[in-house]
Each structure stands twice: as structure tokens, then as C-alpha cells.
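**Student:** Dropping a prediction and its sequence here:
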Amino acid sequence: MARQILYKRCDMAKAPATRRRAAVPQALAVSLLRQVEQGRGFSNRVLAEGLERNLELEAGERGIVTALVYGVLRHRSRLDVHIDACARDGAKLGAVPRMLLRVGAFELLELGREPANAIDHAIAAASGWDPSGRLGKLAHAVLERLAHEATARDEVLAAAAPLDVLERRWSIPRWLAGRWLKQLGAERALARAQALARVPSVDVRVDLGRIDAQTARTRLQAERPGARIELVPEQPQALRVHGGGDLFYGALHDEGLISVQGLAAQQPARVLAPQPGEQVLDACAGMGVKTLQLAELMTRRGTLVAADRDATKLVEHARLRERGRLDVASLALHVLTTDLAGDASELDALGRFDAVLLDVPCTGLGNLARHPEIRWLRRFEDLAAAAAVQSQLIARLRARLRAGGRMVVAVCSPEPEEGARHVAALLAQGGLSLLHERTWTPEDDGTEGFYVACVQDRGAPAPAVAGS
Ligand SMILES: C[S@@+](CC[C@H](N)C(=O)[O-])C[C@H]1O[C@@H](n2cnc3c(N)ncnc32)[C@H](O)[C@@H]1O
């Protein structure tokens, strides 16, 4: 078996100050990527905590760390193809050297850094793990060759069979690439893979009851002078922000005037179109991004129940209540910890619902751009496991609709087993009409992959549903 050299991070505080400074973003990125690889958390959480622990980093350096962490996860296969071709024995590379090389290769191939700069960064970062200089020498040799041969190797990669192109050039796991080729054809599958490789915008939802989108944009632009902020046609509540940094911080967010939420994820509540005075259930409410949106659409009037089985997520609702100005006499807001796939008898006292938003737990396969590690975590079997849970939840929640009530089924995955097939099966049982159905895709809509459908109980005449 190949012998791997294990590197332990040495004390960067003992390194000369100039070297330390130059290496910080790359060294931190390697360290955070190792944490993600070891399963110590999702990349967004690991990154946020890593940046929090390194407050001395300047804004530009924080941006570099963020680009490196997400970028390496999005392009891992391509980086490894290049590294394995240039290292003397790729199989013998230990986890730290490989990650260091991935970061260096990403700087070269995706950020277009000058080879001398990328190599310098890698050597300086390497010294944090191996002061003897051996790791730095390895990084130098591999990255120099990689830079020299990159164009020719990329041409070979691009000319391969479609399955290999998706897997090796665009970092889509082979099992998923095979499904896409069958479902979508080669051209569309490639367009999807390419769309998911791009750095996504950060989308925000504006609380239109309290501020108009243009004013929110102007205020946000003043908060983030370097950002490019776009209004979205036919989506009056949405802004798309490029290069604006972390939008969870800032006055607009703190005042609840904007909420960070992907454009496609903004659709389920819009399609449900809850009315003031209705009794509405946010099933699978999680940390409440859609709970607040439902309250906004109800103009904070009526009864709103946020339910989830995970009490640790529901804890966030206390902050949400304050940020979203939800403590008003016109809104009865209940937050319940309950297993909705079981009896959920805590809900019985409330009777049936006019509108139910069911944001089912899923594989997250639509979210490969914003949560790139999902590519490397999911397996084919996960689809069937998620589908089983989803169909149980859908059946239970359908039973809680009043006559004429509406239910939205939403899922952050474009895979048919997790959305369209459930809704087809539900409709086949009878008693429901389909008011709206749409799959949002990265290649057509520039959003996360998302399925959303709205059904209505046939017990009463159908009211018009906005957005359908
Ligand atoms: C896609 S997330 C919901 C995200 C949330 N709606 C939002 O907009 O932030 C799915 C949620 O389903 C919850 N969940 C999974 N199984 C459940 C069950 N049997 N009963 C209740 N909630 C469940 C998970 O805890 C998770 O918060």
C-alpha cells in the first residue's frame, strides 16, 4: 500500500511575519477544507466559524479564503486530474499535501493567477505544516509542471466522452452525471454542470410591506459600495447581489427589511400566496426563512404555525420574531417541535389549515453551487431514502388541509423522485387539483435547482393563486 506522509499544522506564530501574512488565506483555506473533508460541518458553517476565529484578516483576504474554499469544492475533480498527472505518484499524496495542491491548482486554473504567485502562496502556506521545506518543494514542482501543461490537458479533458467531461472537467459525480445524460441529453446536462460551477449570486428577499425594492437596493448599495445589485424581472421582492460579501450582516438585514434567500427558494411561499387572516402551516420550517416570508405575505395578520422536528433549528425563531417584527397583535404565531411524519398531535388543537407550505427534507442536489460539498457527500441510494421520507410527510400534511385548502410541495432538488413523482402520485389519489407546477433550473433560470407545485383540495371552488 502507498505510504502517506502525515503533516501536522505547525505554529504559524513562529514563522517570520512576512511569510505568515502572505500565506494566511491559502493556509486557512487548506485547513478549513480539511475540516469539511473530515465531516466536521457543512462548508458554509466551517467557513463562517473559521473567519470568525481569524478576525485579524482583512476584507480582501476573507474574500480570498471564501473563494478558495468554495472553489476547490466546486472544481475538485478537475483539480485532481491535473494534480495526478503532474505529481510523481498521486496515490502517495497525503490529505494535506493534496489539499494544498488543490488550492494552488485552483488559483492557477480558475482564478488565473500568475504561476509565480500561486507557487509562492503554496510554498508559504506549506511552511505552516512542514518547516523543513519538503512540502513546499513538492508544491513548487507539481504546480510548476501543472501550469506548464494546463492548456493541453484541458483540451484533452474537454474532448472526452460526455460522461467523462461531466465527471472530470465539471466535477459532477459519475452516478449523477449518468442520470443527467439520460434525463436531459448531453447538451443540457453540460449546461447544468457549467451553471453549477459558477460562483452564484447572493439573493435576497425584500419585505415589500415595509420597504420597496428600489429603496432597499439603494440602501444596500450604500452599505456595500463594491457590490453589483440587480432587480429581477417579474420578481418584485427579489434582489440579486454579486460581490457583496456576507449579507447576513448589516443594518438592512438586522432590521428584517431583507432576508438572504435563493431566488428559487422564494417561490414556494409566493405560489402558496397566503392571505391575511388565513390559518397557515409552515411544515418543516427549519430556521424560519420561509416562515418570515409567509408572515410578510399575510401582512402579519392571521394564524401562522411553524413546525419542525428539530428543536435546535426552531431556537432561531426567537431572533426571527424580533428581526421580522412578528410580535404584533394581528398575528398568532406558534412555533412547534413535532415529528410531522408521525401523529404530530400537537397540531390537532389548531384544526385544519387554509394553506400548508411543505418544504420537504431532501438530497439538496439542486444546491451544488451554494453548497458544493453536497456533490461529494451524496450517493445514489440517498435519493430513494429521501423520497421515502418525503412521501410520508406529503401524505400526513395533505390530511391537514381544510376543504378548499392549498398545499405547496417544495424541494431543493430538480430530481424527479423528490418532487414531480410525489405530486403525480398525490394527484392520482383524487380530490386535488394542480394549480401550479414548475422546476427551476440552474441552466435556464440561473438559480438553484428547485421543484415547486401547488395543489388544492377540491372541497370548495378554487380561489386564484398569484404566481401560478
Ligand atoms: C429543507 S429543510 C427546511 C428549510 C426551511 N423551510 C427554510 O426555508 O429555511 C427541511 C426541514 O425538514 C425538517 N424535517 C425533516 N423531517 C421532519 C419530520 N419528520 N417532521 C418535521 N420536520 C422534519 C428538518 O429538520 C429540516 O429543518
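**Tutor:** That came through fine.

**Student:** Check whether Arg458 really touches Leu432, as I assumed.
**Tutor:** Yes. Using Cβ atoms under 8 Å, Arg458 is in contact with Leu432, at 6.4 Å. All C-beta atoms are positioned from the backbone trio N, CA, C, and that covers glycine.

**Student:** check contacts around the residue nearest to Arg76 when sequence neighbours are not counted.
**Tutor:** Nearest residue to Arg76 in three dimensions, chain neighbours excluded: Ser171, at 5.4 Å (Cβ to Cβ, 6 or more residues apart in numbering). Shown in contact with Ser171 (Cβ atoms under 8 Å, 6 or more residues apart in numbering): Arg74, His75, Arg76, Ser77, Arg78, Ala193, Ala197, Arg375.

**Student:** 7 Å instead, please
**Tutor:** With contact taken as Cβ atoms under 7 Å, 6 or more residues apart in numbering, Ser171 is in contact with Arg74, His75, Arg76, Ser77, Arg78, Arg375.

**Student:** do the same with Arg370
**Tutor:** By Cβ under 7 Å, 6+ apart, the contact list for Arg370 reads Pro200, Gly262, Glu448.

**Student:** Check what pLDDT the last one gets.
**Tutor:** Spelled out, that is Glu448. Note for Glu448: predicted pLDDT of 96.

**Student:** for it, helix, strand, or coil?
**Tutor:** coil (DSSP: H, G, I helix; E, B strand; the rest coil).

**Student:** Correct me if wrong: it contacts Gln261.
**Tutor:** No. With contacts counted by Cβ atoms under 7 Å, Glu448 stays clear of Gln261, the gap being 10.5 Å.

**Student:** More neighbours: which of the two?
**Tutor:** Of the pair Glu448 and Gln261, Glu448 is the one with more neighbours under other Cβ atoms under 10 Å, namely 26 against 19.

**Student:** need the contact list for the more buried one.
**Tutor:** Applying Cβ under 7 Å, 6+ apart, the residues near Glu448 are Gly262, Ala264, Ala265, Gly366, Asn367, Ala369, Arg370, Cys412, Pro442.

**Student:** Now with 10 Å, please.
**Tutor:** Applying Cβ atoms under 10 Å, 6 or more residues apart in numbering to Glu448 gives the contacts 196, 200, 203, 262-265, 364-371, 412-414, 440-442.

**Student:** Sitting in helices, which of the residues you listed do you find?
**Tutor:** Leu196, Pro442 (DSSP state H).

**Student:** The contacts of Glu448 in strands, which ones?
**Tutor:** When DSSP state E defines the strands, the subset of the contacts of Glu448 inside them is Asp203, Trp440.

**Student:** residue ranges of the helices in the stretch 301-450 of the chain, please?
**Tutor:** 311-314, 316-323, 374-377, 380-398, 420-428, 442-445 (DSSP state H, counting those that start in this stretch).

**Student:** Which of these sits closest to the ligand?
**Tutor:** Shortest distance between the ligand and the helices of the stretch 301-450 of the chain, using Cβ to the nearest ligand atom, is found for helix 311-314: 5.1 Å.

**Student:** Stretch 435-455: end-to-end distance?
**Tutor:** One end of stretch 435-455 to the other measures 5 Å (Cα to Cα, to the nearest Å).

**Student:** Now do the buried residues in it.
**Tutor:** Neighbour-count burial for stretch 435-455, counted by 16 or more other Cβ atoms under 10 Å, picks out 435-443, 445-455.

**Student:** hmm, back to that, let's have the helices of the stretch 301-450 of the chain in JSON lines, adding distance to Glu107.
**Tutor:** Shown next, in JSON lines, are those (distance: least, Cβ to Cβ, whole Å):
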{"stretch": "helix 311-314", "distance to Glu107": "36"}
{"stretch": "helix 316-323", "distance to Glu107": "36"}
{"stretch": "helix 374-377", "distance to Glu107": "21"}
{"stretch": "helix 380-398", "distance to Glu107": "32"}
{"stretch": "helix 420-428", "distance to Glu107": "41"}
{"stretch": "helix 442-445", "distance to Glu107": "25"}
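
**Student:** want to throw these into TSV with distance to the ligand and mean pLDDT?
**Tutor:** Output for those, formatted as TSV (distance: least, Cβ to the nearest ligand atom, whole Å; pLDDT from 0 to 100):
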stretch	distance to the ligand	mean pLDDT
helix 311-314	5	96
helix 316-323	9	95
helix 374-377	13	95
helix 380-398	6	97
helix 420-428	14	98
helix 442-445	18	97
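
**Student:** What are the buried residues along stretch 197-213?
**Tutor:** Buried positions in stretch 197-213, judged by neighbour count with 16+ other Cβ under 10 Å: Ala197, Pro200, Ser201, Val202, Asp203, Val204, Arg205, Val206, Asp207, Ile211, Ala213.

**Student:** Among those, which one lies nearest to Asp120?
**Tutor:** Nearest to Asp120 among those: Ala197, at 26.5 Å, using Cβ to Cβ.
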